[in-house]
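A.B. asks: any chance you can model this:
(one chain, ligands or ions: 2)
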Amino acid sequence: MVELNINNKIVRLDVSDDMPLLWVLRDVMGLTGTKYGCGIGECGACTVHLDGKPVRSCSLPVGSIGNQSIITIEGLDNDPIAQKILDGWVEKQPTQCGYCQPGQIMAAIALLHEKEKPSKEEINRALSGHVCRCGMYQRIRNAIKVAVGSTEDE
Ligand code: FES
Ligand code: FES
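C.D. replies: Ligands and ions are numbered 1, 2, ... in the order given. Model prediction:
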């Protein structure tokens, strides 16, 4: 039995300690907004927040999480920074197939939680490990710039 704090709710689940968080989110909890891409920590599609920091849930055994807060793309309702990022996404439309987008959005929100107005270099660094097979990198960065109040496109 593992106890987790997911999207501000405590849940007790009959899963093994070594099950990756991504499997618990998608297959046990039905929170399918978090995506399975590579399964080996290389693409960023499975990114969620753990105590506010972006982590790759495909490579995180649930037994290692303890009482840290897990926030998924479904758990952003009361987060004003998330709303700014989503507004940027609406304005710049960086979505094509959409598969990478929950991970990109979670990484962007975590960045803005850490720093209200990150530089272009800091944005690039925070998003650098996030693969987009549709090649929407430029628009994704422009969406984040909208969220930080910059009018300068790449
Ligand atoms: S699915 Fe987790 S990093 Fe690719
Ligand atoms: S929008 Fe298709 S993978 Fe990024």
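
A.B. asks: around ligand 1, pick out the residues from the chain.
C.D. replies: Tyr36, Gly37, Cys38, Gly39, Gly41, Glu42, Cys43, Gly44, Ala45, Cys46, Arg56, Cys58 (CB under 6 Å from any ligand atom). For glycine as for every other residue, the C-beta is placed from the backbone atoms N, C-alpha and C.

A.B. asks: can you list the residues of the chain near ligand 2?
C.D. replies: So the chain meets ligand 2 at Thr95, Gln96, Cys97, Gly98, Tyr99, Cys100, Gln101, Cys132, Arg133, Cys134, Met136 (CB under 6 Å from any ligand atom).

A.B. asks: pull the most distant pair out of these.
C.D. replies: Thr95 and Arg133 (12.5 Å; CB to CB).

A.B. asks: higher neighbour count, those two?
C.D. replies: Thr95 (19 against 12; other CB atoms under 10 Å).

A.B. asks: give the contact list for the more buried one.
C.D. replies: By CB atoms under 8 Å, 6 or more residues apart in numbering, the contact list for Thr95 reads Trp89, Gln101, Met136.

A.B. asks: ditto for Met106
C.D. replies: So Met106 contacts Thr47, Val48, His49, Pro54, Thr72, Ile73 (CB under 8 Å, 6+ apart).

A.B. asks: next one: the residue nearest to the spatial centre of the chain from Ile85, what distance?
C.D. replies: Among the residues of the chain, the one closest to the centroid is Met106, at 2.5 Å (CA atoms, centre = their mean). As for Met106, its distance to Ile85 is 9 Å (criterion: CB to CB, to the nearest Å).
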